[in-house]
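Peer 1: next comes the sequence, and after it the predicted model I'd like to discuss.
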Amino acid sequence: MAHIVTANCNDCKYTDCCVVCPVECFYQDEMMLYIDPDDCIDCEACVPECPVEAIFGEANMPAQWSSYTELNKQKCITLKAGDGHITEKSDPREGPGCKKK
Ligand code: SF4
Ligand code: SF4
């Protein structure tokens, strides 16, 4: 089991979540962040940090976002091989698709 970043992160990327993660298991591409399921210890520290409620434990995942479980896993494999690791807060993206107004 792991925690998963889902659709609401898309185009927002507030990055508050990665700062509190004790095992530094967040990775990013241009549009959003992802959690590496191999490293996440399910501590839940990141969940209340997200201003758009994008992070869920696998057991509480809304059904419409179930595909994000595999997406987080696959993206982390790719991003780990590059420079996608993120451990510090950066400027939010807040693009047109961001849910927080
Ligand atoms: S805090 Fe939420 S919106 Fe921001 S990067 Fe993390 S998951 Fe995405
Ligand atoms: S649940 Fe804990 S270990 Fe997993 S990504 Fe969030 S802060 Fe990191």
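Peer 2: Yes, it's here. Everything quoted here is computed from the prediction, not taken from an experiment. Numbers count the residues shown, from 1 in each chain. Ligands and ions are numbered 1, 2, ... in the order given.

Peer 1: what helices or strands is the longest helix along the chain leaning on?
Peer 2: Criterion DSSP state H: the longest helix present in the chain is helix 67-80. With contacts taken as 3 or more C-beta pairs under 8 Å, 6 or more residues apart in numbering; DSSP states H and E, helix 67-80 sits against strand 3-5, strand 26-28, strand 33-35. All C-beta spots, glycine's among them, are computed from the backbone N, C-alpha and C.

Peer 1: is that helix in proximity to ligand 2?
Peer 2: No - Helix 67-80 does not reach ligand 2 (C-beta under 6 Å from any ligand atom); its nearest approach is 9.7 Å.

Peer 1: and that helix, average pLDDT?
Peer 2: Taken as a whole, helix 67-80 has an average pLDDT of 97.

Peer 1: could you pick out the residues of the chain near ligand 2 for me?
Peer 2: Counting by C-beta under 6 Å from any ligand atom, the chain sits next to ligand 2 at 3, 20-21, 23, 25, 35, 40-46.

Peer 1: who touches the longest helix of the chain?
Peer 2: 2, 4-7, 25, 27-29, 34-38, 58, 61, 84-85 (C-beta atoms under 8 Å, 6 or more residues apart in numbering).

Peer 1: got the CA coordinates for it in CSV?
Peer 2: Coordinates of the C-alpha atoms in helix 67-80 are reproduced here as CSV (Å, rounded to 0.1, in the frame of the first residue of the first chain):
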residue,chain,number,x,y,z
SER,A,67,-5.7,4.8,-12.8
TYR,A,68,-3.4,7.1,-10.8
THR,A,69,-2.1,4.2,-8.8
GLU,A,70,-0.3,2.8,-11.8
LEU,A,71,0.5,6.3,-13.2
ASN,A,72,2.4,7.2,-9.9
LYS,A,73,4.3,4.0,-10.1
GLN,A,74,5.3,4.2,-13.7
LYS,A,75,6.1,8.0,-13.6
CYS,A,76,8.4,7.4,-10.6
ILE,A,77,10.4,4.7,-12.4
THR,A,78,11.0,7.2,-15.3
LEU,A,79,11.6,10.3,-13.2
LYS,A,80,13.9,8.5,-10.7
